[in-house]
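Peer 1: sequence-free structure coming up:
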Ligand SMILES: C[S@@+](CC[C@H](N)C(=O)[O-])C[C@H]1O[C@@H](n2cnc3c(N)ncnc32)[C@H](O)[C@@H]1O
């Protein structure tokens, strides 16, 4: 699977605006979701935060007793993450080709990570990520939209390309891969409120 040019140019926008992105969102994190996620896991479980950004949620996941590994393609956001978490495991890699063995993790945190992938790569990418899980909670959030890598002028990042899905599509994606106790909700965007709704899903994966 090749990375689309629009995915790469969006990742470059995170490189360029990593500090502003971190500052804009640092006080607007989904704390209640992190606690619900942790309730499906065991203390000290190794969990994967894919598209972790500038450590947006790594600290929260650590503070509820989990061991999160952060992955992102943008070196700019990983540098910000490194400043906040000097000794934390952080890996630069694309979501569809992660350097981990199958079944290595017990939780998957996927907050906005598919935003810059073309929609026809979502299912394959998700299946690849599930292969890294032995069991545990899966958190998935995305823009609630029909866009398929459409240009979008983000107030923090500038011009990026974004994809989204409806709540029914997210539910179908997660349920068709066996997730249990699934909840799917529509939420306002932390910065732009109802002008840009998100779909937020949480479930539990078991082999
Ligand atoms: C919408 S941000 C979400 C960041 C963070 N999870 C949060 O909730 O604030 C998307 C993140 O995914 C990363 N990303 C986008 N496409 C990627 C890919 N193909 N492989 C790895 N990371 C990717 C971007 O660099 C960015 O940090």
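Peer 2: Sure thing, it's come through. Every value quoted in this text rests on a predicted model; they were computed, and no experiment measured them.

Peer 1: the top helix by length along the chain near the ligand at all?
Peer 2: Identified as the longest helix of the chain according to DSSP state H is helix 5-25. Yes. Contact between helix 5-25 and the ligand, assessed by C-beta under 6 Å from any ligand atom, occurs at 7, 11, 14, 25. Backbone N, C-alpha and C define where each C-beta goes, glycine included.

Peer 1: determine which two of those residues are furthest apart.
Peer 2: Within the residues of helix 5-25 next to the ligand, 7 and 25 form the most distant pair, 20.3 Å apart (C-beta to C-beta).

Peer 1: sorry, back to before: okay, the residues of helix 5-25 next to the ligand in TSV with pLDDT and neighbour count next?
Peer 2: Converted to TSV, the residues of helix 5-25 next to the ligand look like this (pLDDT from 0 to 100; neighbours: other C-beta atoms under 10 Å):
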residue	pLDDT	neighbour count
7	98	22
11	98	20
14	98	24
25	87	17
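
Peer 1: what helices and strands are in contact with the strand ranked longest in the chain?
Peer 2: When the chain is parsed with DSSP state E, its longest strand is strand 193-206. Contact analysis of strand 193-206 by 3 or more C-beta pairs under 8 Å, 6 or more residues apart in numbering; DSSP states H and E lists helix 31-39, strand 135-143, helix 167-175, strand 180-189 as its packing neighbours.

Peer 1: for these, which one ends up most surrounded?
Peer 2: Across these, averaging neighbours per residue (mean count of other C-beta atoms under 10 Å) puts strand 135-143 on top, at a mean of 23.

Peer 1: just checking: what are the partner strands of the helix-or-strand element of the chain with minimal mean pLDDT?
Peer 2: Sorting the helices and strands of the chain by mean pLDDT, DSSP states H and E puts strand 193-206 at the bottom, at a mean of 92. Strand pairing for strand 193-206, determined by DSSP bridges: strand 135-143 (antiparallel), strand 180-189 (antiparallel).

Peer 1: closest one to the ligand among these?
Peer 2: strand 135-143 (7.2 Å; C-beta to the nearest ligand atom).

Peer 1: so which bits of this protein are right by the ligand?
Peer 2: Counting by C-beta under 6 Å from any ligand atom, the residues of the chain that sit close to the ligand are 3, 7, 11, 14, 25, 51-53, 56, 72-74, 77, 94-95, 111-113, 115-117.

Peer 1: and the buried ones among the residues you listed, selectable in PyMOL?
Peer 2: Entered in PyMOL, the line below selects the buried ones among the residues of the chain next to the ligand, by 16 or more other C-beta atoms under 10 Å:
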select buried, resi 3+7+11+14+25+51+52+53+56+72+73+74+77+94+95+111+112+113+115+116+117
